[in-house]
Structures are given as C-alpha cells and as structure tokens.
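Asks: Quick one, structure for this:
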Amino acid sequence: MEHIQGGITAAKGFFASHTAAGIKYKGRDDMACVYSEVPCVAAGTYTRNVVKAAPVLFDRQITQGDTPVQAVVINAGIANACTGEEGFSYCRQTAESAKEAFKITDAEVLVASTGVIGMQLPIDKLKAGVYQMAPGLSDTLEAGNAAAKAIMTTDTKEKEVAVSFTIDGVTVTVGGMCKGSGMIHPDMCTMLGFVATDCAISKELLQEALSEDVKDTFNMISVDGDTSTNDTLLLLANGLAGNTPISTRDERFAAFKEALHEVNRNLAMMMAGDGEGATALFEVTVTGAKSKEDAVTLAKSVITSNLTKAAIFGHDANWGRILCALGYSGAEFVPEKVELRFISEAGEILIAQNGTGVDFDEDKATKILSCEKVTARCDMHMGMYSATAWGCDLSYDYVKINADYRS
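Replies: Numbering: from 1, shown residues only. The predicted structure follows:
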C-alpha cells in the first residue's frame, strides 16, 4: 500500500464538482458533489445523537437498503437539522434534481449538509446549485480538491487523502475527503466524510469494514465534547478497478480494510489537528492497559480533558492533569504503576513515573510541547492492550469562533 496524490476523485470512475450557490456564505463555494460513472454499492455510519438532521435520516434509509448509489450532493452553511418534514422534503428534492441533472436513472443520490442548526435551506438555491455543478463534473485531482474546499465551514484547510494497493494483480484505490473543525466528539464519527473506492466488494463486507473501522479512527477523536446532529460517513465502491469481487473474509478483504483504515485514520487526524482555534494536534496513546476497552476509555478521557488541552496550548508539561483525567475515566488501574511521557519531533521526555512526578528539564518540555503535533504516552503497566485518540489544544480562539458562529 502506498499514499498517492488526491482525494475523492483518486479512484477510477469518480468525479467531483463544486459551485457557489449562496446558501449562507458569500463569495465562496458552498456546494460540492461526488459522482460515479457507474452505480456503486454504498455503506454509511451516522451520528448517535438522538437529534438527527434530515440528511442523516434520508441517507440512512438508502444505505440500509439494497439500492445502488451514484452520487452525493453536499452543502455547507446550513445543517438542515431540526427542520421537520419540510427539511426532509428538501433532501428528496435535492436528490431528484441531481438525478435529472446528472442523468441518473437506476440508482439513488445521497445528500449531506453542514452548518447552522435550525435554519431551513433555501431550496431554490440548492437545486440551482445542483444544475450548476453538472457541467463541471471532472475526475481530476483539482476537482476533488476544490470539492474538499467547498464543504468547509470553520475548517482552516481542506482534508483529503488517497492510497493504492494491489488485489488480483490490479491496482485498487481508496480516496476520501472530509470536513470537521468544531462540534467534534466521538460517537460514530463526528463530521461529514466521503470515501470512494474502485474496489469490487459486496455491500455486506463494505458496511462491515466501515462500521468496524470507525471504532479506531473517527470514534477516537474529539475537539470540544459536542457530538453533532449531522455526523455522516459515506463509503462508495464502484468496482471499476476490475478485481474479482471480494465476497469472503479472506486476505483480499484484509488488504482492503488496511487501506480503508489508512484513509480514515489520516482524515480523522486532520480533523483533530484542525479543531477550531487549535494550534496543535494532541495525540494520546495508552499502552499497557488490561483490556482494549480500558485503553480506549483512558485515551478518550485524556483527549477530552479541557484542563489538559489548555495546558497543551500553554506548552505547560502539567502531568497532574493527565493523571487526573485517567483517574476519572471509569477504568480501573493502579496509579502507582503509571508512567507518562511527552513526545514530538523536538524529542521525548519522561514527566511522571510510578504515579508521581520526576525531575525533568522544563525548557526541553516546553520545546517538545511547542510542536504542531504533541503526543502524550501513558503506560499503565496493567496488561497488553493499547489505544490512540486524537484531539487538539484549547485556545482563546475557540471561544471567539463559537461566540458568534451564527452571525
């Protein structure tokens, strides 16, 4: 497996387009679409928030069925959440417009929205945007990149990645894009994410691979502890790579899962590192836990600790906040066995051992904590299990961004 250029259009037969529909933002693209030249099998995972946006309900009905999917239409600015039957009808109208504009006759169209909750979409602008995008469909890397930019809200950078690997002597590609910066907290995958592959694979195994992988990728990120109403991760497979279809859990399925994991993990890390107001990606790796469940619980507890996140922002090696967050996680461990380290490209430093602090060079610690990616490694010395979670520091700008988000 190798990383290649591109994102959502990297796999064979996938196209993207974008436009400025004026849904909420002015002077920038705010709609994008993904299109396959042939119908795809589709899988999806969605928010577990009881309050689910209309696109979540709409897409879930489709991906739980057997009807193939050929396109996805995405808008930024308005979330179409808490909008009742009117909002749900706008999903249907958007999909029907896309079928007509893209000349889709034997497949469904999925929709996704992100932005302010509680506002109705300007459906006429949305449908007009669909028709504007149709002539611009392109399979170039530039088209994929423009689509990734168009779906951004408070994101500061586009997020895309692609990998390729070999099955049955042919090259298979998995590529994706996502958006997410605020209202990010693990409970499925807190974001909008779209992954496309030219692998030939059964719908059952496609859904299984996606559902399993979010546990170790998008379920392990947090920015602010708020689980969105719109969380959607869609995976489309059109089979154009030409491999013999994967229909059993064999080594080919394992290879596909490995590639999917690489794409999802990288997208998840990009979101965590681009959290609203963030200056650093904060990674927490727990080792030596007595169970996988404990390792996940411990890592998530540290990554969501506001006090720890604030210390990372201040480049303060305040190890007591990490030990405290481990302690209230709900996982059982012996505090006197815990060992803590900070790691970054500037080096590595031991900050606590046997549950107490050790003498360390504060200047060196500050340099380590001043890098764009900082890792806290927590060795519990309780067993053989590990887990990694990703988040970001907590800066003054997070409050500034969210204090006036609607305006």
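
Asks: can you map out the helices along the stretch 101-250 of the chain?
Replies: Applying DSSP state H, counting those that start in this stretch to the stretch 101-250 of the chain gives helices spanning 123-133, 141-150, 203-213.

Asks: from these, which stretch is densest packed?
Replies: Highest mean neighbour count of the helices of the stretch 101-250 of the chain: helix 141-150, a mean of 22 (counted as mean count of other C-beta atoms under 10 Å). No exception for glycine: its C-beta is placed from N, CA and C like everyone else's.

Asks: which outside residues touch that one?
Replies: Residues outside helix 141-150 that contact it (C-beta atoms under 8 Å, 6 or more residues apart in numbering) are 5-10, 15-19, 28-34, 74, 76, 136-137, 158-160, 175, 177, 179.

Asks: which element is the residue located most distally from the centre of the chain on?
Replies: Distance from the C-alpha centroid of the chain, by C-alpha atoms, centre = their mean, peaks at residue 359 (38.5 Å). Using DSSP states H and E, residue 359 sits in no helix or strand.

Asks: For residue 353, see how far away it is.
Replies: 11 Å (C-beta to C-beta, to the nearest Å).

Asks: For the stretch 151-300 of the chain, give me the ranges with low pLDDT.
Replies: Applying pLDDT under 70 to the stretch 151-300 of the chain flags residues 181-190, 223-228.

Asks: just the strands in the stretch 201-350 of the chain please.
Replies: Secondary structure of the stretch 201-350 of the chain (DSSP state E, counting those that start in this stretch): strands at 232-237, 281-289, 339-344, 347-353.

Asks: So for residue 103, which of those strands sits nearest?
Replies: Minimum separation from residue 103 across these (C-beta to C-beta) falls at strand 232-237, 17.8 Å.

Asks: picking up where we left off before, just the pLDDT for the residue farthest from the centre of the chain.
Replies: We note a pLDDT of 96 for residue 359 in this prediction.

Asks: In JSON lines, list the helices of the stretch 101-250 of the chain along with distance to residue 68.
Replies: Output for these, formatted as JSON lines (distance: least, C-beta to C-beta, whole Å):
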{"stretch": "helix 123-133", "distance to residue 68": "19"}
{"stretch": "helix 141-150", "distance to residue 68": "21"}
{"stretch": "helix 203-213", "distance to residue 68": "9"}
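
Asks: looking at it, residue 200 is touching residue 246, isn't it?
Replies: Yes - look at residue 200 against residue 246 with C-beta atoms under 8 Å: they come within range, at 6.7 Å.

Asks: list the contacts for the residue nearest the centre of the chain?
Replies: For the chain, the residue sitting closest to the mean C-alpha position, by C-alpha atoms, centre = their mean, is residue 268 at 4.4 Å. Listed by C-beta under 8 Å, 6+ apart, the contact set of residue 268 reads 189, 217, 218, 220, 221, 390.

Asks: quick one: the fourth one from residue 272, how far?
Replies: Between residue 220 and residue 272 the distance, using C-beta to C-beta, works out to 9 Å.

Asks: Name the residues contacting each of these two.
Replies: residue 390.

Asks: From one end of stretch 275-293 to the other, what's the distance?
Replies: Between the opening and closing residues of stretch 275-293 there is a gap of 26 Å (C-alpha to C-alpha, to the nearest Å).

Asks: what's the neighbour count on residue 98?
Replies: The local packing count at residue 98 equals 26, with neighbours defined by other C-beta atoms under 10 Å.
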